[in-house]
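*Asks:* give the three-dimensional model of this entry:
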Amino acid sequence: MPRSIAPASGSRRATNVTLPETLLREARDLGINLSQACERGLAAEVASLRRQRWLEQNQDAIQSYNEQVAQNGLPLAAYRQF
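*Replies:* Below is the predicted model of the structure:
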């Protein structure tokens, strides 16, 4: 699976972000830490895209494995205890 997102304790870099004025006002009124909220949202988006790309890149292998399981059952199924 793709590598994980860098931990929050890593180095930081200032950046500019443009947000809708009403959303920004509401977030500030609610006491939301904008840097943390943006970081969480961006980390979630990066993880989602990495997952999607990994699935696309490995689609043939996943399909092949699923077909093998459909034809032959799960590997070591005889040893499974339910």
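
*Asks:* show me which helix runs longest in this protein.
*Replies:* In the chain, taking DSSP state H as the definition, the longest helix is helix 34-57.

*Asks:* same for that one, what does it pack against?
*Replies:* Packing partners of helix 34-57 (3 or more Cβ pairs under 8 Å, 6 or more residues apart in numbering; DSSP states H and E): helix 21-29. Just so you know, the C-beta spots here come from the backbone N, C-alpha and C atoms, and that holds for glycine as well.

*Asks:* tell me the mean pLDDT for the helix it packs on?
*Replies:* Helix 21-29 comes out with an average pLDDT of 97.

*Asks:* just checking, what packs against that helix?
*Replies:* helix 34-57.

*Asks:* can you name the next helix or strand after the helix it packs on?
*Replies:* Note on helix 34-57: by DSSP states H and E, the next helix or strand toward the C-terminus is helix 59-72.

*Asks:* residues contacting that next one, please?
*Replies:* For helix 59-72, contacts defined as Cβ atoms under 8 Å, 6 or more residues apart in numbering pick out 55, 75.

*Asks:* got the angle for that helix vs helix 34-57?
*Replies:* Going by axes from the mean of the first three to the mean of the last three Cα atoms, to 10 degrees, helix 59-72 is angled at 60 degrees with respect to helix 34-57.

*Asks:* now do helix 59-72, average pLDDT.
*Replies:* 96.

*Asks:* only C-alpha atoms, please: export stretch 47-55 in PDB.
*Replies:* The C-alpha atoms that make up stretch 47-55 are tabulated as PDB, following Å, rounded to 0.1, in the frame of the first residue of the first chain:
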ATOM      1  CA  ALA A  47      -4.300   9.600   1.100                       C
ATOM      2  CA  SER A  48      -7.400   9.200  -1.000                       C
ATOM      3  CA  LEU A  49      -5.600   9.900  -4.200                       C
ATOM      4  CA  ARG A  50      -2.700   7.600  -3.300                       C
ATOM      5  CA  ARG A  51      -5.100   4.800  -2.500                       C
ATOM      6  CA  GLN A  52      -7.000   5.400  -5.800                       C
ATOM      7  CA  ARG A  53      -3.800   5.300  -7.800                       C
ATOM      8  CA  TRP A  54      -2.500   2.300  -6.000                       C
ATOM      9  CA  LEU A  55      -5.700   0.400  -6.800                       C
END
